[in-house]
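Enquirer: kindly generate the corresponding structure for this input.
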Amino acid sequence: MTTSIIPSTTPGRRYVRVTARDQHWVEFEFSLGDPALYVELVMRPDQFAAFCSAQGATAVPHQFGQALEQERGKWSETVA
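Expert: I've put the predicted structure just below:
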């Protein structure tokens with residue numbers, strides 16, 4: 001049995017994972033409770049900072065984000 005670095009879901013906890021950024025825009029995933037279920041959003045950097053503060057969102061660490069990508073990749077491989 002392997003140990004996942006993806007934590008169990010936490011109701012009410014909010015997560016953000018930045019997927020792209022430049023000086024004008026921040027593309028990110030926003031999750032409530034489970035970082036594997038998310039919506040994709042785009043905001044200007046100042047709006048993103050205000051959004052994260054207002055939501056009390058936790059940034060998804062790089063290693064955790066990579067694990068999420070690997071899990072998503074497993075699903076896309078089986079749907080073809």
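
Enquirer: so what's the closest residue to T10 other than its chain neighbours up against?
Expert: Nearest non-adjacent residue to T10, counting by CB to CB, 6 or more residues apart in numbering: G33, 6.0 Å away. For glycine as for every other residue, the C-beta is placed from the backbone atoms N, C-alpha and C. Residues in contact with G33 (CB atoms under 8 Å, 6 or more residues apart in numbering) are T9, T10, P11, G12, R13.

Enquirer: could you give the number of residues near the fourth one?
Expert: Looking back up the chat, that one is G12. Residues near G12, counting by other CB atoms under 10 Å, number 7.

Enquirer: if I look at it, how far off is F30?
Expert: 14 Å (CB to CB, to the nearest Å).

Enquirer: what of the third one?
Expert: P11 sits 16 Å away from F30 when distances are taken as CB to CB.

Enquirer: please identify which of those two sits among more neighbours.
Expert: Just comparing P11 and F30: by other CB under 10 Å the higher neighbour count belongs to F30, 18 against 7.

Enquirer: so which bits of the helix or strand hosting that one are buried?
Expert: If you go by DSSP states H and E, F30 is part of strand 26-32. Neighbour-count burial for strand 26-32 flags V26, F28, E29, F30, S31, L32 (criterion: 16 or more other CB atoms under 10 Å).

Enquirer: go on, stretch 51-67?
Expert: F51, C52, A57, V60, F64, G65, A67.

Enquirer: so where do the helices sit in this structure?
Expert: For the chain, the helices defined by DSSP state H cover 45-55, 62-79.

Enquirer: would you quantify the distance from Y38 to H24?
Expert: Distance of Y38 to H24, given as CB to CB: 22 Å.

Enquirer: kindly apply the preceding question to R14 instead.
Expert: Using CB to CB, we find R14 at a distance of 24 Å from H24.
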